[in-house]
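[1] what follows is a predicted structure for the sequence shown.
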Amino acid sequence: MKSLGNVLDEAVKQPNSVSQRMATAVTFQWLCRLTALCSILVLAVLLYTVFSKGFAHLSWSFLTSSPHPDPTRAGIWPALMGTFWTCAACGFLTLPIGIGTAIFLEEFRPRNRYMRWLHALVELNIANLAGVPSVVYGIVGLAAFVSMFGLMDQSDNAGQSKPPFIDIGSRYYDQFLTLDDRVVLVPVDSNRSPDTALREGLEAIDQDGKPINLHLIAKGESAPDVQSERVVAIRWNETPGRVHRQSWYHFTVPFGHSVLAGSLTLMLVILPVVIISSQEAFRAIPPSLREAALGIGATSWQAVWNVTLPAAIPGIMTGAILAMSRAIGEAAPIMMISGIVFITRAPSNLMSVFTVLSLQIYDWAGRHEAGFHAISAAAIIVLLLLLLVFNSIAIVIRQKFSQP
């Protein structure tokens, strides 16, 4: 039993204890505010530096031009379209797989003891994969998607490139130059076909796709002087060059250094983030919603599709925003997959070679000329605007599903 004196002493000391806790809480709040203020100041300085250097170089020609050795004529169109293609394909691949995995892990938990252990092991591995450096995923993508683990070697003993194992949506031609230095194309069956044998009247097409009949200039025969004859005349020893045209549905195996390989590699980078954030969104749903759906006779899948998934969409989209923001800015895995910066054409299909804005910025920022530093700042502004557009779309979707 406490004496009356002890009780009175504790009552006297209590206000001091409360005041100390309040002082500690206020100090911690101001410390958090100071930390946030420092972060905002650093961000403001960085944004001011980027905008002051790059805003003057933003123009329509900068957006629509290709890279060039002269910084005053260089543009970002191939890198910009490569970013669009890569991130769009990455999003279409990642979100269904990530959300489906989260649904399986959270809504269909096994009851068997050993399956629960396996379930926990899978979740542990997903959490660990979220912390793996992105360059490691680039090495995995290089081995798995570009060369298919070397199972389909793309070079022969002489080091020459072999045709793809599977090739869909390509048309191959042997290219010749006429005496008038115009390009004519002779269709061949596939890239494995031998070179076209030259003969009189060989059927070909010009660059506009119009059919023509070639005239063969035999050995020792003089070239024609008439312009119309020189356009369709080729020499007997003309060596063709194999070229091909790709359709929009062009597909090859292995994937090579293509948009699809880059998208799949970025999918590996952000997939753990999407899965974990989606799991947290499903865990935040009150269990009473599931129980109510099951109580009125709905199956487990009906409860997921009609109740829990719509309720989890806002949280899922929050994770998708963070994941896509990381994917847009990644340069290390794309450098492993593509490794090409000076590309003058935008991708036309998933098998096209590509570069992205982050890789183009890295290349320009590493050069010594001040002009390249300025256009790299302009490219950073475009990348930030692109990131803002992607995030805005995701926020609109999240707000739409958040409304009751």
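    Everything's here; your move.

[2] quickly find the element holding the residue nearest to residue 378 when sequence neighbours are not counted.
    For residue 378, ignoring the flanking residues on the chain, the nearest one in space by CB to CB, 6 or more residues apart in numbering is residue 54 at 3.6 Å. C-betas here are computed from N, CA, C, even on glycine. Counting by DSSP states H and E, the secondary-structure element that holds residue 54 is helix 4-54.

[3] cool, and residue 249?
    When elements are defined using DSSP H and E, residue 249 is found to belong to strand 241-253.

[4] repeat that for residue 293.
    Residue 293 is part of helix 287-295, with elements assigned from DSSP H and E.

[5] so what does that helix touch, helix or strand wise?
    Under the contact criterion of 3 or more CB pairs under 8 Å, 6 or more residues apart in numbering; DSSP states H and E, the helices and strands touching helix 287-295 comprise helix 300-303.

[6] before we move on, the earlier item: buried ones in the next helix or strand after the strand holding residue 249, by neighbour count?
    The first helix or strand that comes after strand 241-253 along the chain, using DSSP H and E, is helix 259-283. For helix 259-283, a neighbour-count test (16 or more other CB atoms under 10 Å) marks 259-282 as buried.

[7] same question, stretch 330-341
    By neighbour count, with 16+ other CB under 10 Å as the criterion, the buried positions of stretch 330-341 are 330-338, 341.

[8] which outside residues touch it?
    By CB atoms under 8 Å, 6 or more residues apart in numbering, the surrounding residues in contact with stretch 330-341 are 67, 86, 133-135, 137-139, 141-142, 145-146, 257, 261-262, 265-266, 269, 353-356, 358-363.

[9] now list the buried members of those.
    In terms of neighbour count (16+ other CB under 10 Å), the buried residues within the contacts of stretch 330-341 are 67, 86, 134, 137-138, 141-142, 145-146, 257, 261-262, 265-266, 269, 353-356, 358-363.

[10] okay, now the domains of this structure?
    Domain assignment for the chain, taken from automatic domain parsing, gives 60-149+257-402, 166-252.

[11] in terms of helices and strands, where is residue 212?
    Per DSSP H and E, residue 212 falls inside strand 211-213.

[12] what's the first helix or strand after that strand?
    Following the chain from strand 211-213 toward its C-terminal end, the next helix or strand by DSSP H and E is strand 215-217.

[13] count of residues packed around residue 305?
    Applying other CB atoms under 10 Å, we find 14 other residues in the vicinity of residue 305.

[14] then the one 4 residues further on?
    A total of 20 residues lie near residue 309 under the criterion other CB under 10 Å.

[15] list the contacts of it.
    Going by CB under 8 Å, 6+ apart, residue 309 touches residue 103.

[16] pull the contacting residues for residue 56.
    If you count contacts by CB under 8 Å, 6+ apart, residue 56 has them with residue 374.

[17] that one and residue 337: what is the separation?
    Distance, residue 56 to residue 337, by CB to CB, to the nearest Å: 33 Å.

[18] swap in residue 327?
    Spatial separation of residue 327 from residue 337 under the definition CB to CB is 13 Å.

[19] among the buried ones among the contacts of stretch 330-341, which ones are in helices?
    Counting by DSSP state H, the part of the buried ones among the contacts of stretch 330-341 found in helices is 86, 134, 137-138, 141, 261-262, 265-266, 269, 358-363.

[20] sketch out the low-pLDDT regions of the stretch 51-200 of the chain for me.
    By pLDDT under 70, the weakly predicted segments of the stretch 51-200 of the chain are 151-162.

[21] ranges for the helices of it?
    Here the stretch 51-200 of the chain has its helices, by DSSP state H, counting those that start in this stretch, at 60-64, 77-107, 113-129, 134-141.

[22] so for residue 389, which of those helices sits nearest?
    Taking CB to CB, helix 77-107 is the member of these nearest to residue 389, at 10.2 Å.

[23] could you report the neighbour count for the closest residue to residue 143 other than its chain neighbours?
    If you skip the residues right next to it in sequence, residue 143 has residue 149 as its closest partner in space, 5.7 Å away by CB to CB, 6+ apart. Residues lying near residue 149 (other CB under 10 Å) number 10.

[24] from residue 140, how far off is residue 149?
    From residue 149 to residue 140 the distance is 10 Å (CB to CB).

[25] coming back round to it: could you measure from the residue nearest to residue 143 over to residue 141?
    Remark: distance between residue 149 and residue 141 (CB to CB) = 12 Å.

[26] go on, residue 209?
    The spacing between residue 209 and residue 141, counted by CB to CB, is 37 Å.

[27] for residue 328, same thing?
    The span separating residue 328 from residue 141 equals 17 Å under the rule CB to CB.

[28] and what of residue 147?
    Counting by CB to CB, the gap from residue 147 to residue 141 is 10 Å.

[29] and residue 83, by the same measure?
    Counting by CB to CB, the gap from residue 83 to residue 141 is 17 Å.

[30] just residue 61 next, same as before
    Residue 61 sits 34 Å away from residue 141, taking CB to CB as the criterion.

[31] also residue 108?
    For residue 108, the distance to residue 141 - CB to CB - is 30 Å.

[32] do the same with residue 234
    According to CB to CB, residue 234 and residue 141 sit 44 Å apart.

[33] residue 76 now?
    Plainly put, residue 76 is 24 Å away from residue 141 if you go by CB to CB.

[34] just residue 292 next, same as before
    Relative to residue 141, residue 292 is positioned 44 Å away (CB to CB).

[35] one more: residue 265?
    Separation of residue 265 from residue 141 (CB to CB) stands at 3 Å.

[36] verify the contact between residue 116 and residue 110 for me.
    Yes. Contact status for residue 116 versus residue 110: in contact at 5.6 Å, counting by CB atoms under 8 Å.

[37] give me every residue that touches residue 137.
    Residues in contact with residue 137, defined by CB under 8 Å, 6+ apart, are 265, 268-269, 333.

[38] any chance of TSV for those, columns pLDDT?
    As requested, those are exported to TSV (pLDDT from 0 to 100):
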residue	pLDDT
265	94
268	93
269	93
333	91
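
[39] could you identify the most distant pair in those?
    Greatest spatial distance among the contacts of residue 137 (CB to CB): 268 and 333, at 8.1 Å.
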